[in-house]
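>>> Task: produce atomic coordinates for the following.
(one chain, ligands or ions: 2)
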Amino acid sequence: MAAGFTRRQVLAQATIAAAVYTLDPHELCCGVNAYAQTAGAESFELKKVGDGIWAAVAAVRYKVNSNAAVIETNDGVVVVDSHSKPSAAQALYKEIQAVSKKPVKKIINTHFHWDHWQGNEVYAQANPSLEIIASEKMKEALLRPNSGVGGVPFIETQLKNLPGEIAKLKADIQSAPSAAAKAQLESNLQQAEAYQKELQNLKPAVPNRTVAQTMSMQEGGREIRLMLLGRGHTDGDLYIYMPKEKVVVTGDAVVDWMPFVNDGYPEEWARTVGELEKLDIDRIIPGHGEPAPKSHLTFFRGYLTDLVAAVKKAGADGMPLETMKTKIADDLAPKYEKGMSRYPVGQYRDRVPINIEQVYNKLVKK
Ligand SMILES: [Zn+2]
Ligand SMILES: [Zn+2]
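Ligands and ions are numbered 1, 2, ... in the order given. Okay, here's the model as predicted:
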């Protein structure tokens, strides 16, 4: 499924989304409307970004899937991130087998959020000697209760919330304002119910190898650098950098949507992206959205920097949070709204008030 959308599709979907979906703060990372055009199945589009390196760009689903990176080496395949559910990992695994018959030897998880690792078990079942690699901090967060929107204990929270979510979808279907909205909600409901079943049967495959600092792997003739550059989207973001091919895989530390700040460190995040910018990079595979050129880092860091500065200044001036949510959103819009609204999800206006509130809570209110 092509991940590109026409302007008309974007507008149509955005209208439906506005009509039928209210964001639940617990789902900001990743609970979004499915689209008619990608509602049928978990799917990925493999886009070549270097010799033997593909970005697996996720079609948008009600329960969002992260992108993955597929890296072929002389003797195997390395996959970065495994999505929100085994069925999605299975779908990508099939696509990988169409481009390489070599075994998947390693999975690397960029961070602990649920939409990046819950499919690990598919690869572990296919290869009992699979290495699952993550940062030490990621593994700690993965196993700790209340570490944010991810982690093994978070599955219980998801399972607790799903019946309410399903009941709400059923009620919304009854009061849907149009046939299109109704069809959309019915698809969401179907996906929510299928997801619930998958979660009930999930056998979490957690990292069995961790890294505490930047290191280099020589992997079947290819150098893959595992880099820890500082706190950002989470405490423990891992960047996967291939210096020869000048490709970096960032997880959600860099996305082509609006950033999700809930479990993040907004001030340090901008600095960390600045560290990433020092590398020689041609292509970025972000956690969500399309592969991007290096210039995207400057744009993304600029947003974080300007957002933090604006919220801190408004806080020092005594501006109430509710006023900030509209004033700062409008002030930053000329620079960022267009570039942060390229897809029907994760758009500027949907998320900027929440970004402002989270930065306010972390840096002003404390
Ligand atoms: Zn994500
Ligand atoms: Zn994330």
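>>> Run through this protein and note the low-pLDDT ranges.
Scanning the chain for pLDDT under 70 picks out the ranges 1-40.
>>> That one against ligand 1: which residues are in contact?
Residues of the chain lying near ligand 1 by Cβ under 5 Å from the ion: 66, 115, 252, 287. Where you see a C-beta, it was placed from the backbone N, CA and C, and this is true even at glycine.
>>> ok, of these, which one's closest to ligand 2?
Comparing the residues of the chain next to ligand 1 against ligand 2 with Cβ to the ion places residue 252 closest, at 3.4 Å.
>>> May I have the phi/psi pair for the closest residue to that closest one other than its chain neighbours?
Of all residues not flanking residue 252 in the chain, residue 287 sits nearest, at 3.7 Å (Cβ to Cβ, 6 or more residues apart in numbering). Residue 287 adopts backbone torsions of phi -70, psi -30, taken as degrees, to the nearest 10.
>>> that older thread, filter the residues of the chain next to ligand 1 by proximity to ligand 2?
Restricting the residues of the chain next to ligand 1 to those touching ligand 2 (Cβ under 5 Å from the ion) yields residue 252.
>>> and the residues of the chain next to ligand 1 as a markdown table, adding distance to residue 107 and secondary structure?
Compiled in a markdown table, the residues of the chain next to ligand 1 are given as follows (distance: Cβ to Cβ, whole Å; DSSP: H, G, I helix; E, B strand; the rest coil):
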| residue | distance to residue 107 | secondary structure |
| --- | --- | --- |
| 66 | 12 | coil |
| 115 | 15 | helix |
| 252 | 17 | coil |
| 287 | 15 | coil |
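>>> what's across from residue 135 in the sheet?
residue 211 (DSSP bridges).
>>> Now do the helices in the protein.
Taking DSSP state H as the test, the helices found in the chain are 7-20, 86-99, 120-126, 136-143, 152-174, 179-200, 266-277, 295-316, 321-336, 348-359.
>>> what would these look like in JSON lines with mean neighbour count?
Listed next are the helices of the chain as JSON lines, based on neighbours: other Cβ atoms under 10 Å:
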{"stretch": "helix 7-20", "mean neighbour count": "16"}
{"stretch": "helix 86-99", "mean neighbour count": "19"}
{"stretch": "helix 120-126", "mean neighbour count": "21"}
{"stretch": "helix 136-143", "mean neighbour count": "21"}
{"stretch": "helix 152-174", "mean neighbour count": "15"}
{"stretch": "helix 179-200", "mean neighbour count": "17"}
{"stretch": "helix 266-277", "mean neighbour count": "19"}
{"stretch": "helix 295-316", "mean neighbour count": "18"}
{"stretch": "helix 321-336", "mean neighbour count": "15"}
{"stretch": "helix 348-359", "mean neighbour count": "21"}
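>>> Distance to ligand 2 for those helices - can I get that in TSV?
Listed next are these as TSV, based on distance: least, Cβ to the ion, whole Å:
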stretch	distance to ligand 2
helix 7-20	20
helix 86-99	15
helix 120-126	15
helix 136-143	11
helix 152-174	12
helix 179-200	17
helix 266-277	12
helix 295-316	14
helix 321-336	20
helix 348-359	13
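>>> Residue 240 and ligand 1: what is the separation?
Applying Cβ to the ion, to the nearest Å, the value for residue 240 to ligand 1 is 15 Å.
>>> Quick one: residues contacting that residue.
Neighbouring residues of residue 240 by Cβ atoms under 8 Å, 6 or more residues apart in numbering: 69, 80, 108, 110, 224-227, 248-249.
>>> Identify, from those, the entry nearest to ligand 1.
Looking at the contacts of residue 240 and their distance to ligand 1, the nearest is residue 110, at 8.8 Å (Cβ to the ion).
>>> Mind listing the residues bridging to the closest residue to the closest one other than its chain neighbours?
With Cβ to Cβ, 6+ apart as the criterion, residue 110 has its nearest non-adjacent residue at 2.6 Å, and that residue is residue 251. Beta bridges link residue 251 to residue 286, judged by DSSP bridges.
>>> 579 is where my numbering starts, stick with that
Happy to do that; since the first residue is 579 now, the last one works out to residue 829.
>>> From residue 942, how far out is residue 829?
Between residue 829 and residue 942 the computed distance is 27 Å (Cβ to Cβ, to the nearest Å).
>>> Of those two, give the one with the bigger neighbour count.
Applying other Cβ atoms under 10 Å to residue 829 and residue 942 shows that residue 829 carries more neighbours, namely 30 against 16.
>>> How about the contacts made by the more buried one?
Applying Cβ under 8 Å, 6+ apart, one finds that residue 829 lies in contact with 644, 658-659, 688-689, 694, 811, 815-817, 865.
>>> Hmm, residue 731 and residue 724 touching each other?
Yes. Using Cβ atoms under 8 Å, residue 724 makes contact with residue 731 at a distance of 7.4 Å.
>>> which residues pair with residue 795 across the strands?
residue 802.
>>> mind listing what it touches?
Residues counted as contacts of residue 795 (Cβ under 8 Å, 6+ apart) are 801-804.
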